[in-house]
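what shape does this take:
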Amino acid sequence: MREKIIDVREIRALAKKFSPDEIERCIELHLREEKHNCPLSGTTEHIINELSKAEFVRTRVDKGARPMDAVRELAEKIRRFQLDPEGKTERQTGA
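Residues are numbered from 1 along each chain as shown. Model prediction:
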C-alpha cells in the first residue's frame, strides 16, 4: 500500500507545534534511531518525509506566509518534481 503523498493535517500540526530547528533535530535524532519529540509513526522514509514537509511549511510561515499558502506551495513543488524529477524544465526556463 502506498503512503499518502501529503497529509495536510499532520504537516500543519507539526509545523504549528515545532520550529524549523526543532523539526530538524527530530530528523537527526530519528536517523540515529534516538528518541525525539515529534509524534509520528510509520516507516523511516514516511517520518523523514513528513518532518521535511513540516519544516518547509513552518519556514515559509515564519517568513510571513499564511499556513494554507505554505501548504499549497509545498504541494506545487511536489507535483512539479513528480512531473519532472530531474528538473529539466526548470533549468531550461531559468525558474
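
show me what counts as buried in the helix ranked longest in the chain.
When the chain is parsed with DSSP state H, its longest helix is helix 44-62. Of all the residues in helix 44-62, those buried under the rule 16 or more other CB atoms under 10 Å are 47-51, 53-58, 60-61. Every C-beta, even on glycine, is put in place using the N, C-alpha and C of the backbone.

helices and strands around the next helix or strand after it, which ones?
As assigned by DSSP states H and E, the chain's next helix or strand after helix 44-62 is helix 67-83. Helix 67-83 is packed against helix 8-17, helix 44-62, with contacts defined by 3 or more CB pairs under 8 Å, 6 or more residues apart in numbering; DSSP states H and E.

now do helix 67-83, average pLDDT.
The average pLDDT within helix 67-83 is 91.

in it, what's buried?
Buried-residue list, helix 67-83, by 16+ other CB under 10 Å: P67, A70, V71, L74.

closest one to N37 among the helices and strands packed on helix 67-83?
Closest of the helices and strands packed on helix 67-83 to N37 is helix 8-17, at 9.0 Å (criterion: CB to CB).

packing partners for the closest one?
Helices and strands touching helix 8-17, by 3+ CB pairs under 8 Å, 6+ apart, are helix 44-62, helix 67-83.

could those helices go into TSV alongside distance to C38?
Output for those, formatted as TSV (distance: least, CB to CB, whole Å):
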stretch	distance to C38
helix 44-62	6
helix 67-83	17
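
which one of those lies nearest to E34?
helix 44-62 (12.6 Å).

which helices and strands sit right next to that closest one?
Short answer (3+ CB pairs under 8 Å, 6+ apart): helix 44-62 packs on helix 8-17, helix 20-31, helix 67-83.

tell me the average confidence for that helix?
Averaged across helix 44-62, the pLDDT comes to 95.
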